[in-house]
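**Student:** Below is the sequence, then the predicted model.
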Amino acid sequence: MQLLLATHNRGKRREWLPLLAGLDIELLLPDDLGLTDEIAETGTTYRENALIKARALAALSGLPALADDSGLEVDALEGAPGVYSARYHLGDDAVRYRALLKALADVPEGARGARFRCLAALVLPDGREFLTEGVCEGVIAFEPCGEAGFGYDPVFYMPERGVTMAQLSAEEKNRISHRARAAQQMCEVLVRELGVRREEGRE
């Protein structure tokens, strides 16, 4: 079955491919279909942004469309940067997470709770919509650590594992991350609602 991932970012497809491993799916991007227009994420919640993208691409393509929106929620910042995580500060990933560390400079160890949240939306051409959510709890470290991952991964520390998300292997991140947890539920939706087959030898 063909499934359209509602993004022009090929890196995002590389993230989703292992999360959908085991399903008989061809994961396409809008560019593969000649759909090159950007869809503005004008929502104020993850749900709104994911649905905006998935609805638009399902309507344009006539294919099931999958989109996700995610962010980092920091308790000491009343849930910020949240839906604006990618736009928290002008610059690259390092600039953003260092701006976050600066904002939390006076916040003590016991008050640095945070979570990554991902909302995934599947919209079908017949108008049916399905939403799944994944959350990964942790705390904001005082200094970045780790070379893997991207975004805020180097400062997102998981006490139960004793590492930041940037210190996880790709395989482990694909089991426990917020996006992985949303994707695991979405795989069940695809099997149950669309009859997507699991590849032989996969559970």
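**Tutor:** On my side now, so go ahead.

**Student:** among the helices and strands of this structure, which has the poorest mean pLDDT?
**Tutor:** For the chain, the helix or strand with the lowest mean confidence is helix 10-19, at a mean of 86 (criterion: mean pLDDT, DSSP states H and E).

**Student:** correct me, but residue 170 touches residue 176?
**Tutor:** No: here residue 170 lies out of contact with residue 176, judged by Cβ atoms under 8 Å, at a distance of 11.7 Å. Every C-beta, even on glycine, is put in place using the N, C-alpha and C of the backbone.

**Student:** for the protein, what spans make up the strands?
**Tutor:** Under the criterion DSSP state E, strands of the chain are mapped to 2-5, 26-28, 65-74, 81-82, 113-123, 129-140, 156-158, 163-164.

**Student:** and residue 14, how many neighbours?
**Tutor:** By the measure other Cβ atoms under 10 Å, the count of residues near residue 14 is 9.

**Student:** before we move on, what about residue 192?
**Tutor:** Counted by other Cβ under 10 Å, the residues lying close to residue 192 total 10.

**Student:** ok, residue 170 and residue 176, which is more surrounded?
**Tutor:** residue 176 (15 against 10).

**Student:** what's the closest non-adjacent residue to that one?
**Tutor:** Here the nearest residue to residue 176 in space, its sequence neighbours aside, is residue 136; by Cβ to Cβ, 6 or more residues apart in numbering that works out to 6.4 Å.
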